[in-house]
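**Student:** sequence and predicted structure are below.
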Amino acid sequence: MRHLHGSRRRRRTAGILTALAVLSGGLTAGAADAASGASGTAMAPAISCPDVADSVGQVPARAQAEVQRNLQQLETQIAEANRRLASSAGQGGPNFVQNAILGPLRDKRAAALQRIEIAFQRAGAQAPDGLDDLATCTVQDDGTGNDDDGQGDGTGQDDGTGQGDGTSPDDETGQDDGTGPDDGTGQDDGTGQGDGTSPDDGTGQDDGTGQDDDGQNGLGQNDGGQTGAPGQINCPSVAGRLGQIPARAQAEVRRNMQQLEAQIAEANRRLESSASGGGSNFVQNAILGPLKAKREATLERIAIAFQRAGARVPAGLRTLATCERRNPGGGDNNGNNGGPARGPVRADFVDIRSVRPNVNTPRTQRSGSRGTFSVDCGRNEQRIFNSDNVIVAPGVNNGAQHTHDYVGNESTSAQSTNESLLAAGTTCRNGDKSTHYWPVLRALGQREFDANRRGGGLDLNVGKILTPAAVQITFKGNPTAKVVPAPQFLRIITGNARVGGADPNAGWTCTGFENRQLTDKYPLCPRGSRVVRVFDFQSCWDGQNIDSANHRTHVTFPQADGSCPQGFQPIPALEHRLIYNVPQGPNYAVDGFPEELHKPITDHSDFISLMNEQQMQQVVDCINSGRRCR
């Protein structure tokens, strides 16, 4: 491994200065001589970084290729930073070099150093000590008497110039995750400054002309325009993509999910504090671009946590890094700044009278179970709301990115455990502590308490939350067989919050027209008729599990004749039926993930059974005996 060591010095200033002369393309031979100290003129500025190759020691054979690749990447990062340094001479305020070049470079180096450590660990070897200390670089004498070495602390103070990160957006290897030392605390790590040069906006669209920051975000907003309020940062949901998290990875995944939240909060603070600063591309270059880099790093750490636990990495995590800015100063129902609505659109609605009857219910056979058991848990008159999802994203605040109505258990949140749910109160009159929750329905064009909160307006869910006129929770039988008790703590999600996801099961209809149901359209009801949401839950259970990796395979829907597939047994079939008074016309929408555009097909509902053995047996006996119980 001699090629990893050599006689490189701890600080390679002279060599880098010569490299700068070649790389910049704008220095003459005489300038190169000056840069290397050969002439009597002032030295040109150059980046100086601690040497890494001499610090890695003996590299295991299995790690050599990965270590070598990252060492080369470190060199590429320095060369790119030097190009930025040369091309940006005279730009920015007193902290420009630190905020626009040194801070981002430090983060990229920290990411590469972390990958070197991981390469050692994967090879079963101890990682070299002190690699983290080699991330910070400085600028040697820049000829002005202001040595930037003194600013190399990574504080990332913003000079409000809108200049900034100017760094290679991806260090040209496709590997840079921009992690740096960001610990999720929201403290600035030096990346959150703008570069004013717009080499990369995180979307591949920004050409530095002051055009819309991504040109295709559907909002029609120019992030540099600073019209009206500063807006808010909106990012794709991560929690919903993780599935079942391996036990060995849960602590690390939870920590990084919290870090993602801290990063968004910090970006929003920057957005608010910089409302009047910067140039035409300030928001993209100073906030959205660095935020993307941080999210990429955090998402990579989540992927690594799955790998270390021996589990398959969730698909598509890297695609969730790019965020956008929403400007609330505009004029449509969704608060967009005069641009196209983020949903719903007029085509998402249909007159229920134009829909043909389409509801077919299997006939109950003699061997079937005809009874029903209804539970009165109220209409959420207590206005119990949050944007968590304890089934899909336990431990993650705002894991749903949309607000839920809750009835039944009064304590349900991301932090809930089976024990805490059992200890809580309930809104159900029979004492059942089960939890039932679904996305709220909103009347558009009206303001709600969460207009400036996560899960609400900050995640593009706007409008007045409508309390249902009625909530009917009913357990039914199976057309072909008697039902068996469902286990305590069973978790079921019906419907899918993603457009194109598995098992979309939202039912939209109107009172008086309930033999006609829609899945992918909102109904427009005639006067005197009210909107109805119907959720039929999976009622065939595998007999073993209370949950599954995708929260679906442990339960399934009956077959066309009502019987359960082989290997499954019928349990009481839960139905949520919600009735609403909505404004006339296409003026309402269900909450959802911001990127799903409030499509009605994303409607869904969630259930955790907390019934004890006696309560569940009461339900089973009622259904199997053909009675109607309350």
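**Tutor:** That came through, no problem.
**Student:** pick out the residue nearest the middle of this protein.
**Tutor:** Central residue of the chain (C-alpha atoms, centre = their mean): residue 237, 2.6 Å from the mean position.
**Student:** who are the contact partners of that one?
**Tutor:** Neighbouring residues of residue 237 by C-beta atoms under 8 Å, 6 or more residues apart in numbering: 320, 399, 400, 401, 593, 594, 595. C-beta: built from backbone N, CA, C; applies to glycine.
**Student:** just send the residues you listed back as TSV, with secondary structure too.
**Tutor:** Putting the contacts of residue 237 into TSV (DSSP: H, G, I helix; E, B strand; the rest coil) gives the following:
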residue	secondary structure
320	helix
399	coil
400	coil
401	coil
593	coil
594	helix
595	helix
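**Student:** let's see if you can find the most crowded of those.
**Tutor:** residue 400 (32 neighbours; other C-beta atoms under 10 Å).
**Student:** right, and it touches residue 391 too?
**Tutor:** No - using C-beta atoms under 8 Å, residue 400 makes no contact with residue 391, being 9.8 Å away.
**Student:** look up how far residue 534 lies from the residue nearest to residue 536 when sequence neighbours are not counted.
**Tutor:** Nearest residue to residue 536, sequence neighbours excluded (C-beta to C-beta, 6 or more residues apart in numbering): residue 575, at 5.4 Å. The spacing between residue 575 and residue 534, counted by C-beta to C-beta, to the nearest Å, is 7 Å.
**Student:** same deal with residue 55?
**Tutor:** The gap separating residue 55 from residue 534 is 63 Å, by C-beta to C-beta.
**Student:** higher neighbour count, the two?
**Tutor:** Set residue 55 next to residue 534 and count neighbours by other C-beta under 10 Å: residue 534 wins out with 20 against 17.
**Student:** check what pLDDT the residue lying closest to the more buried one once chain neighbours are set aside gets.
**Tutor:** Counting by C-beta to C-beta, 6+ apart, residue 534 lies nearest to residue 507, which is 3.5 Å off, once chain neighbours are set aside. At residue 507 the predicted local confidence, pLDDT, stands at 96.
**Student:** count the neighbours of residue 507 for me.
**Tutor:** Using other C-beta under 10 Å, residue 507 is surrounded by 21 other residues.
**Student:** next one: residue 72
**Tutor:** Neighbours of residue 72 (other C-beta under 10 Å): 12.
**Student:** A strand includes it, no?
**Tutor:** No - going by three-state DSSP, the assignment for residue 72 is helix, not a strand.
**Student:** the residue nearest to residue 534: what's it in contact with?
**Tutor:** Going by C-beta under 8 Å, 6+ apart, the list of residues near residue 507 reads 517, 518, 519, 532, 533, 534, 535, 536.
**Student:** my guess is the last one contacts residue 495, does it?
**Tutor:** No - taking C-beta under 8 Å as the definition, residue 536 is not a contact partner of residue 495, at 9.5 Å.
**Student:** please say which of the two ends up with more neighbours.
**Tutor:** The residue with more neighbours, out of residue 536 and residue 495, is residue 495; 24 against 18, by other C-beta under 10 Å.
**Student:** skipping adjacent residues, who's closest to the more buried one in space?
**Tutor:** Once flanking residues are discounted, residue 495 sits nearest to residue 604: 3.1 Å by C-beta to C-beta, 6+ apart.
**Student:** just list the residues touching that neighbour, thanks.
**Tutor:** Residues in contact with residue 604 (C-beta under 8 Å, 6+ apart) are 438, 439, 493, 494, 495, 496, 497, 505, 506, 535.
**Student:** ok, the second one - how many residues close by?
**Tutor:** Spelled out, that is residue 439. Residue 439: 27 surrounding residues under other C-beta under 10 Å.
**Student:** so it touches residue 589, yeah?
**Tutor:** No - with contact defined as C-beta under 8 Å, residue 439 does not count as touching residue 589 (9.7 Å).
**Student:** just the buried residues of the contacts of residue 507.
**Tutor:** Neighbour-count burial (16 or more other C-beta atoms under 10 Å) applied to the contacts of residue 507 gives 517, 518, 532, 533, 534, 535, 536.
**Student:** of those, which is the nearest to residue 247?
**Tutor:** residue 535 (30.4 Å; C-beta to C-beta).
**Student:** which helix or strand contains that closest one?
**Tutor:** Element membership of residue 535, judged by DSSP states H and E, is strand 531-536.
**Student:** and that strand, how far out from the chain middle?
**Tutor:** Computed by C-alpha atoms, centre = their mean, to the nearest Å, the chain-centroid distance of strand 531-536 equals 28 Å.
**Student:** next structured bit after that strand?
**Tutor:** The helix or strand immediately downstream of strand 531-536 is strand 540-541, counting by DSSP H and E.
**Student:** pLDDT score for the closest residue in space to residue 406 that isn't next to it in sequence?
**Tutor:** Computed as C-beta to C-beta, 6+ apart, the closest residue to residue 406 that is not its neighbour in sequence is residue 384, at 4.2 Å. Looking at residue 384, its pLDDT is 97.
**Student:** do residue 375 as well
**Tutor:** Residue 375 is given a pLDDT of 97.
**Student:** quick one: the nearest residue to it once chain neighbours are set aside and residue 523, what's the gap?
**Tutor:** In space, and not counting its chain neighbours, residue 375 is closest to residue 473: 4.6 Å by C-beta to C-beta, 6+ apart. Distance, residue 473 to residue 523, using C-beta to C-beta: 22 Å.
**Student:** can you give me the strands for the stretch 51-200 of the chain?
**Tutor:** Using DSSP state E, counting those that start in this stretch, the strands of the stretch 51-200 of the chain run over 138-140.
**Student:** what's the neighbour count on the nearest residue to residue 571 once chain neighbours are set aside?
**Tutor:** Spatial nearest neighbour of residue 571, excluding adjacent residues (C-beta to C-beta, 6+ apart): residue 486 at 4.1 Å. Residue 486 sits with 24 neighbouring residues when counted by other C-beta under 10 Å.
**Student:** swap in residue 139?
**Tutor:** Around residue 139 there are 24 residues (other C-beta under 10 Å).
**Student:** just residue 613 next, same as before
**Tutor:** For residue 613, the neighbour count with other C-beta under 10 Å is 10.
**Student:** what's the answer for the one 3 residues further on, then?
**Tutor:** Neighbour count of residue 616, defined by other C-beta under 10 Å: 23.
**Student:** circling back to that earlier point, show me whatever sits in contact with both of residue 536 and residue 495.
**Tutor:** Listed as contacting both residue 536 and residue 495 by C-beta under 8 Å, 6+ apart are residue 505.
**Student:** how many other residues sit next to residue 48?
**Tutor:** Neighbour tally, residue 48, other C-beta under 10 Å: 20.
**Student:** pLDDT below threshold where in the stretch 101-250 of the chain?
**Tutor:** Filtered on pLDDT under 70, the stretch 101-250 of the chain yields the residue ranges 141-231.
**Student:** ok, residue 112 to residue 605 distance?
**Tutor:** To residue 605, residue 112 is 45 Å away according to C-beta to C-beta.
**Student:** can you check residue 542 too?
**Tutor:** From residue 542 to residue 605 the distance is 21 Å (C-beta to C-beta).
**Student:** check whether residue 382 really touches residue 427, as I assumed.
**Tutor:** Yes - using C-beta under 8 Å, residue 382 is in contact with residue 427, at 6.8 Å.
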